[in-house]
Each structure stands twice: as structure tokens, then as C-alpha cells.
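[1] prediction below, plus the sequence it came from.
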Amino acid sequence: MTKFVIESHFRLQEWVAEEKGYFRDEGLDYEFRELIRSTEGQHHNKVNEGAFQSIEKGRKADVSCACHWTVNVAASNGHAKLYADVYSVAPSGIFVPADSTIRTPADLAGVPISVGFQSGSHYSTIQALEPYLAPGQINLTFEDGMLFRRMELLFEGKSEAASLFNGPYYFAEQLGYRKIIDTTFMIASMINGDPAPEDIKRYFRALRKAQRDIDLRPELFTHYYKNEFPDRFHAAMDTRRWGPGERIVFEPYTREIYEQSFDWIEKHGIFKDGTMGDGSYDKATVAFGRI
């Protein structure tokens, strides 16, 4: 029998569920994989390539996640199914060095902001800055790669501003980098291939138990961030000061949310014309009912 494959995606809940045996308690026969620490961050050294491209190529895990905008379009194109019984929310923000002259969102006009191409930081940065800047003043750069690579280039003084979320968000905050604006965003889960619906429910029941543990005593679990970071950063990390990160919300990702998001992406021209699929909620999503 094929094992249910889990690839860690910066969720403390997965590490808590793994250590406490919640996956096993639910009867899930699984394999747990980690991609960042084990590759010393090389997994994120991708120029002009982001979450959408990784989904398009085909992910190995039975269930994984990305920002809801990207999963929305990927599912519309038939690359995966958006799992509509839950969503999550990740803390995110645009950071600059402490000695930067940038103090307000308006100061970011024309400044290259490092984001991941067609990834959460791409959409959320635009969304957050639109009240302050005209479209032509928002200068996004995709040259710095994905999350951990962007963080590292910011720390090395090679990036004027970078969008960071979850663990890297807290690390930048700890080291004194200045958050110019919050860009917190929604994340959607997706199903790859044809795993058993009951296994999907087992997986999320385990995460719900872990989420409750984190809600109650977050300080007991922030040390798990080190499982996601390349070892070269560990000595500088004081995870006791960090927050709980992405929070899983056990509420539906509704048709209204899907259609509003699809319309927003289309209007902002983030994908080329004709490449977003038909935007059908019924075709793009799957739900299995109460977890």
C-alpha cells in the first residue's frame, strides 16, 4: 500500500503532529519529508520561478499548500485540486534594513521589492501597497528567488526591501529589520493525484489537534522553526521570541472567496491572457465535508 506523503511547508502544526503522534493516532500510514534544511536552502534558489511553477511541474506530496491565489489558478488549470474544507493565514510583511531611509509604505515608490514570482509575496505585496502607491510605482523584483533566498539576500545587504512570511518574518523582526507594512495573506491546501479522502481527513484532524496545542501554548513549539531553517542560521535564531506563524482555519474556502480572488488576479494581469483556466469553482475544488 502506498504511503500518504507529507512535505513540510513551514507549518509548525505538521511538526507538532509528527512528534506527538497525532498522524499515527488517526491511523494515517505516511511518509514525512522536509525540503529546506535538508538542502541548505537550495530548494529556494529559483530565479523568476515560484509556487505556481512548482505546482505546474507536479509536487510529490499528496497534500501540500501555497498562497490561495496561486492554488486558485493552478486548480483552475487542472494541476491540482484546491481543498475547500480549510484555509490558513500566514503572517507576512515587507522588511528593510534598520538603517534604511525607508520609513513608510509611500517611501517604497520605485524601490525594488524582492518577492517570489506568482507566489504569495507577489500578490500580497501588490494588495498591501495599492492604497499607497500607483501601479507604476510598485517595483517588484523576482530575481532573488523564493522565501529563504530572499531572506538571506536581505541579511547580506544585497536587497533594499523584501517580503517575508512565517519563520523568516520572525527572524528578520528578531534581528532588528524594520517592517514597513503588514502583508498577511491566505494560504490554500491542495490535493495532488488521487489520495483517499479519508486519509486527507485523517491528516487534517491531526493538524487540528496540533493547532489547538499551539493556540494554548505557542512558546512550547516555536523551536520547531529550526527544523525548517538551514543549519547555518541556527546560532542566531532565538525562536523563544517568535510567534506561532501560519494558523489553520477550519472553515470553508467558499465559492465567493474563490471567484473574488480569481477576478482580482485577472484584473492585475499577474498571468498572461488565456493562461488562467476557466475559473470554475466546481471543477477546481474538492471538499469532503466535516473533518
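    Right, received. Where do you want to start? Numbers count the residues shown, from 1 in each chain.

[2] please enumerate the strands of the stretch 151-291 of the chain.
    With strands called from DSSP state E, counting those that start in this stretch, the stretch 151-291 of the chain shows them at 161-165, 178-182, 185-191, 247-249, 285-286.

[3] in JSON lines: those, plus distance to residue 7 and mean neighbour count.
    From N, CA and C alone the C-beta is placed, and that goes for glycine too. Conversion of these to JSON lines gives the following (distance: least, Cβ to Cβ, whole Å; neighbours: other Cβ atoms under 10 Å):
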{"stretch": "strand 161-165", "distance to residue 7": "17", "mean neighbour count": "27"}
{"stretch": "strand 178-182", "distance to residue 7": "27", "mean neighbour count": "17"}
{"stretch": "strand 185-191", "distance to residue 7": "12", "mean neighbour count": "24"}
{"stretch": "strand 247-249", "distance to residue 7": "16", "mean neighbour count": "17"}
{"stretch": "strand 285-286", "distance to residue 7": "19", "mean neighbour count": "20"}
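
[4] distance to residue 142 and mean pLDDT for those strands - can I get that in TSV?
    TSV is the format used below for these (distance: least, Cβ to Cβ, whole Å; pLDDT from 0 to 100):
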stretch	distance to residue 142	mean pLDDT
strand 161-165	11	97
strand 178-182	19	98
strand 185-191	17	95
strand 247-249	27	97
strand 285-286	28	96
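
[5] residue 52 is nearest to which of those strands?
    Nearest to residue 52 among these is strand 185-191; the distance by Cβ to Cβ comes to 11.5 Å.

[6] what's the first-to-last distance across stretch 11-26?
    Terminal residues of stretch 11-26 lie 19 Å apart, using Cα to Cα, to the nearest Å.

[7] of all the helix elements in this protein, which one is longest?
    Looking across the chain with DSSP state H, the single longest helix is helix 197-216.

[8] what are the C-alpha coordinates of that helix, in CSV please?
    C-alpha atoms of helix 197-216 as CSV (Å, rounded to 0.1, in the frame of the first residue of the first chain):
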residue,chain,number,x,y,z
PRO,A,197,-10.5,11.2,1.0
GLU,A,198,-10.3,9.6,4.5
ASP,A,199,-6.5,10.0,4.5
ILE,A,200,-7.0,13.7,3.8
LYS,A,201,-9.4,13.9,6.7
ARG,A,202,-7.0,12.0,9.0
TYR,A,203,-4.2,14.4,8.0
PHE,A,204,-6.3,17.5,8.9
ARG,A,205,-7.7,16.0,12.0
ALA,A,206,-4.2,15.6,13.2
LEU,A,207,-3.3,19.2,12.3
ARG,A,208,-6.4,20.4,14.1
LYS,A,209,-5.2,18.8,17.3
ALA,A,210,-1.7,20.4,16.8
GLN,A,211,-3.3,23.8,16.1
ARG,A,212,-5.1,23.6,19.4
ASP,A,213,-1.9,22.8,21.2
ILE,A,214,-0.2,25.8,19.5
ASP,A,215,-3.1,28.1,20.3
LEU,A,216,-2.8,27.1,24.0
